[in-house]
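A.B. asks: just a sequence and a predicted model for now, questions to come.
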Amino acid sequence: MPKLFIYHANQCNPKKCTSLKMAKMNKAILLKNPYKVPKNSLILNPYAEKALSPEDKEIVEKFGITALDCSWKEAELMFKKFKFKNQRSLPFLVACNPINYGKPCMLSTLEAFIAALYITNFKDEAWDLTSCFKWAETFIKVNYELLERYSNAKNSMEVVEIQQDFLRK
C-alpha cells in the first residue's frame, strides 16, 4: 500500500471526519503541521493544472499521496504559500459520502484517496480503503465506468479528454 498522508487542520466534525478514521485504522498518516508534508509526495490539489493519471504511479509508489483536510479557503492559501512539486487534480467524479452525496467533485478525503489509488492502478488498495466507511464501496460502484476509463488513460491529457467527453454526454 502506498503511503497516504493527510494534513489535518482540525476544521471538521470529528465524528464524520474520514481523515481521522483513516488514521485511527492505520490507513493514513495524520500531519498536524503543513511543513511536515512530504516534499515529493503526490499532492491532491483541486486547483492543480495537471490531472492525475496512471503515469503518476511511480510517484505514488515511491513517495505516497498527500491530501489536505481543511477548508477550501485555507487550501487555496496553502497552495499559494507552499510550492509542492507533484500537484495533481482529480478528474470529474461524483461524491457518495453522506454529506455531499450525488454532488460532483465534492469528495471526502477518503474518496479522494480511493480515486487517486484507483486511477494510478492501485485498485486493490483502493478497494481496501472502502472498509473505512460503510458507504465507501458505493463511491467506486457509482464512479466505476469513469474510474476504469481514467485508469486506462496514457497520460494527464487523455484523462482530461475522457472527462470532457463524459461531461459533453
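C.D. replies: Arrived safely, thanks for sending.

A.B. asks: mind checking pLDDT for the residue positioned nearest the centre of the chain?
C.D. replies: Closest to where the C-alpha atoms of the chain average out (CA atoms, centre = their mean) is residue 112, at 2.5 Å. On the pLDDT scale, residue 112 is placed at 96.

A.B. asks: next, it: secondary structure please.
C.D. replies: helix (DSSP: H, G, I helix; E, B strand; the rest coil).

A.B. asks: distance of it relative to residue 29?
C.D. replies: Per CB to CB, to the nearest Å, residue 112 is found 15 Å from residue 29. Just so you know, the C-beta spots here come from the backbone N, C-alpha and C atoms, and that holds for glycine as well.

A.B. asks: ok, residues contacting the lengthiest helix in the chain?
C.D. replies: Longest helix in the chain, counting residues (DSSP state H): helix 136-151. For helix 136-151, the surrounding residues in contact (CB atoms under 8 Å, 6 or more residues apart in numbering) are 52-54, 91-97, 110-111, 114-115, 118-121, 123, 126-127, 129-130, 159, 162-163, 166.

A.B. asks: do the same with stretch 125-134
C.D. replies: Outside stretch 125-134, the residues within contact range by CB under 8 Å, 6+ apart are 1-2, 18, 21-22, 25, 27, 97, 110, 113-115, 117-118, 136-137, 139-140.
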